[in-house]
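Asker: kindly return the folded structure for what I paste below:
(one chain, ligands or ions: 1)
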Amino acid sequence: MSAQPSASIAIRMMDVSRHFGDVKAVDHLNLDIYDGEFFSLLGPSGSGKTTCLRLIAGFEQPTSGSILLHGQEMAGVPPFERDVNTVFQDYALFPHMTVGQNVAYGLMIKKVPKVEINKRVTEMLEMVRLPGLEKRKPSQLSGGQRQRVALARALVNHPRVLLLDEPLGALDLKLRQQMQIELKAIQQQVGITFIFVTHDQEEALTMSDRLAVFNLGKIEQIGTPADVYERPTTGFVAGFVGTSNLISGAAAERLTGSSQTFSIRPEKIFITDLNKYVGEDMCSIVGTIRDVVYLGMYTRYLVEIEGGGDLTVIQQNLEVTSMDVLSARGNRVQLVWSKSNNRSLVGA
Ligand code: ATP
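Answerer: Modelled structure (predicted):
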């Protein structure tokens, strides 16, 4: 279920700050997350993502500002009275308990009848594709299986919002990619709002309905994966989400008629012969291929452009061999791209 703008607001953060002494971990944040949305908080280490999550969970209190959960002000409401659950990167499973007991824990605390507990635990383990593993201990599971138990343990309480703090961080790349798809499928199945913290831009782009890009305690941009990737509004977002070339000053002026900095994605640029005709709607610049990295499906070129500076270009290896691409080093070439792919940036 992809949340619509008309959906009701699950979380509203209004001018929220959390300072630790001089450190502005979260700084004047404004954010609305809709019911049923898969929303990611993306940013580099130390940008304030976890603090933001802990503020929503109630483990931290704002220095100033206000947080509403489903329309209710959260000031003074302790974590256990908030309709949210958290899944941590280290899973935090109880090692002495079985899988079944771990998943049942929250329901036992709430004194749910035993028959009901057994039914819900079985259902949850089926949902996370671990049926029949009730009797195992966490130490007898793989990393991916432990992660699923942690998810089942959080979801069994039917929270309205699930907070996930880098839950896939400890998994190897293959398993991580598989879990990304499964997690998204589970979220769509249960329809709960997921708020997912990650520093991995590919992960955020794969899973999210929308995402917020954090930098130095502030949000630089909020949007769908396509918005943020294709229409970055700041130099930071253009550089952090995917790779981007930033062109400014004289080079920008010659290409666009304005010295305002713009970004162009490496995969939007084509390498052509020097004498190839270029239409009015295209940008073109001459350069020398300085470096070539053959990456199997595609090749990454570093091209030194006339007037100084380098542009990264990515080309699919459609009809060329590794020998062909590697021998291109030192060639003088023309780089060409559609003007419609230029993105003006603020603050760059
Ligand atoms: P990471 O991806 O490394 O977890 P993050 O984006 O989640 O980083 P936060 O953990 O929210 O970042 O930290 C934001 C800033 O606040 C950092 O500079 C961090 O050192 C600081 N900070 C966080 N918690 C505290 C604390 N309890 N006391 C002092 N400083 C803190």
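
Asker: and the helices in this protein, which stretches?
Answerer: In the chain, the helices defined using DSSP state H lie at 49-57, 99-109, 114-127, 143-155, 173-190, 201-207, 225-230, 235-240, 249-256, 322-326.

Asker: the residue nearest to Ile33 when sequence neighbours are not counted and the ligand, how far apart?
Answerer: Nearest non-adjacent residue to Ile33, counting by CB to CB, 6 or more residues apart in numbering: Ile11, 4.2 Å away. Glycine gets a C-beta too; all of them are placed from N, C-alpha and C. Distance of Ile11 to the ligand, given as CB to the nearest ligand atom, to the nearest Å: 16 Å.

Asker: returning to that earlier point: which of the helices of the chain sits closest to Gly308?
Answerer: Judged by CB to CB, the one of these that comes nearest to Gly308 is helix 249-256, at 7.9 Å.

Asker: now do the buried residues in the closest one.
Answerer: Buried residues in helix 249-256, counted by 16 or more other CB atoms under 10 Å: 251-252, 255.

Asker: equivalent analysis for stretch 38-50, please.
Answerer: Of all the residues in stretch 38-50, those buried under the rule 16+ other CB under 10 Å are 38-43, 47-50.

Asker: residues of the stretch 151-300 of the chain that sit close to the ligand?
Answerer: For the stretch 151-300 of the chain, the residues in contact with the ligand (CB under 6 Å from any ligand atom) are His199.

Asker: keep the buried residues of stretch 38-50, but drop any that are not near the ligand.
Answerer: Okay, of these touching the ligand (CB under 6 Å from any ligand atom), that's 43, 47-50.

Asker: switch these over to a markdown table; also include pLDDT.
Answerer: Below are these laid out as a markdown table (pLDDT from 0 to 100):
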| residue | pLDDT |
| --- | --- |
| Gly43 | 96 |
| Ser47 | 96 |
| Gly48 | 96 |
| Lys49 | 96 |
| Thr50 | 95 |
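
Asker: of these, which is the nearest to Leu183?
Answerer: When these are compared against Leu183 (criterion: CB to CB), the nearest one is Lys49, at 17.2 Å.

Asker: hang on, isn't the closest one packed against Gly43?
Answerer: Yes - the criterion here is CB atoms under 8 Å, and Lys49 meets it with Gly43 at 5.4 Å.

Asker: anything in contact with each of the two?
Answerer: 199, 214 (CB atoms under 8 Å, 6 or more residues apart in numbering).

Asker: what residues does the stretch 1-150 of the chain have near the ligand?
Answerer: Near the ligand, when you scan the stretch 1-150 of the chain using CB under 6 Å from any ligand atom, you find 20, 23, 25, 43, 45-51.

Asker: related to what we said a few turns ago, contact partners for the residue nearest to Ile33?
Answerer: Ile11 neighbours (CB under 8 Å, 6+ apart): 31-33, 56, 67-69, 161, 193, 195.

Asker: need those in JSON lines (columns: neighbour count and pLDDT).
Answerer: Formatted as JSON lines, the contacts of Ile11 follow (neighbours: other CB atoms under 10 Å; pLDDT from 0 to 100):
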{"residue": "Leu31", "neighbour count": "19", "pLDDT": "97"}
{"residue": "Asp32", "neighbour count": "16", "pLDDT": "97"}
{"residue": "Ile33", "neighbour count": "25", "pLDDT": "97"}
{"residue": "Ile56", "neighbour count": "26", "pLDDT": "97"}
{"residue": "Ile67", "neighbour count": "23", "pLDDT": "97"}
{"residue": "Leu68", "neighbour count": "16", "pLDDT": "96"}
{"residue": "Leu69", "neighbour count": "20", "pLDDT": "96"}
{"residue": "Val161", "neighbour count": "23", "pLDDT": "96"}
{"residue": "Thr193", "neighbour count": "26", "pLDDT": "96"}
{"residue": "Ile195", "neighbour count": "26", "pLDDT": "97"}
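
Asker: of the residues you listed, which is the nearest to Ile247?
Answerer: Distances from Ile247 to the contacts of Ile11, taken by CB to CB, are shortest for Leu31, at 31.3 Å.

Asker: closest residue of the stretch 51-200 of the chain to the ligand?
Answerer: Going by CB to the nearest ligand atom, the ligand is nearest to Thr51 of the stretch 51-200 of the chain, at 3.3 Å.

Asker: from Met14, how far off is that residue?
Answerer: Distance of Thr51 to Met14, given as CB to CB, to the nearest Å: 16 Å.

Asker: picking up where we left off before, of the buried residues of helix 249-256, closest to the ligand?
Answerer: The closest of those, once distances to the ligand are taken by CB to the nearest ligand atom, is Ala252, at 31.7 Å.

Asker: so what's the residue count around Leu345?
Answerer: Using other CB atoms under 10 Å, Leu345 has 22 other residues around it.

Asker: list the contacts for it?
Answerer: For Leu345, counting by CB under 8 Å, 6+ apart, the contacting residues are 232-235, 238, 246, 260-263.

Asker: now pLDDT and neighbour count too, for these, in TSV please.
Answerer: Shown next, in TSV, are the contacts of Leu345 (pLDDT from 0 to 100; neighbours: other CB atoms under 10 Å):
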residue	pLDDT	neighbour count
Pro232	90	26
Thr233	90	20
Thr234	91	17
Gly235	87	19
Ala238	88	27
Leu246	88	17
Gln260	86	16
Thr261	87	18
Phe262	89	23
Ser263	90	25
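
Asker: the residues you listed in strands, which ones?
Answerer: Among the contacts of Leu345, DSSP state E puts 246, 262-263 in strands.
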